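Visitor: When you get a sec, could you give me coordinates for this:
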Amino acid sequence: MESKDYSVLKIYASSTDKMGMKLLYEHIVYLAKEKGISGVTVYRGVMGYGLSSTHISSSKFWELTEKLPIMIEMVDETEMLETFYQLIEPELLKMPKGCLVYLEPIKIKLLKSGIKK
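Guide: Take a look at the predicted model:
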């Protein structure tokens, strides 16, 4: 495998957070695709809280619209993720709610593309 520096960029926020008129996670996923980020996954948390939380959010089967913690995870070359973060940072800073973002180097063991559909 080529020797490139790869990282994971993770954004922790709430499922109800918005960037403009779109949900934060939707906006970031579509923008990442547009900017050529290799892959993005959004995880919905079962339970959690953040620095600006006044209560603990939890998932219950009868509360389908509950505000839940989310994590947006993207993996790509470090330089691509740094550039992408610089693009979204001003918008994240404008959000009234809190979030956590970190970039961590990773070691890719297998990077295999499938057939594009």
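Visitor: Which pLDDT does the model give the most centrally placed residue in the chain?
Guide: In the chain, the centroid-proximal residue (C-alpha atoms, centre = their mean) is I72; its distance is 2.0 Å. I72 is assigned 98 on the pLDDT scale.
Visitor: partners of it in the sheet?
Guide: I11, V42 (DSSP bridges).
Visitor: Contact partners for it?
Guide: I72 makes contact with K10, I11, A13, L24, Y25, I28, V29, V40, T41, V42, Y43, according to C-beta atoms under 8 Å, 6 or more residues apart in numbering. In short, each C-beta sits where N, CA and C put it, glycine included.
Visitor: Contacts made by the longest helix anywhere in the chain with the rest, please.
Guide: Longest helix of the chain, by residue count under DSSP state H: helix 78-94. Under the contact criterion C-beta under 8 Å, 6+ apart, helix 78-94 has outside partners 5-9, 11, 19-20, 27-28, 31-32, 35-38, 74, 76, 99, 101, 103, 105.
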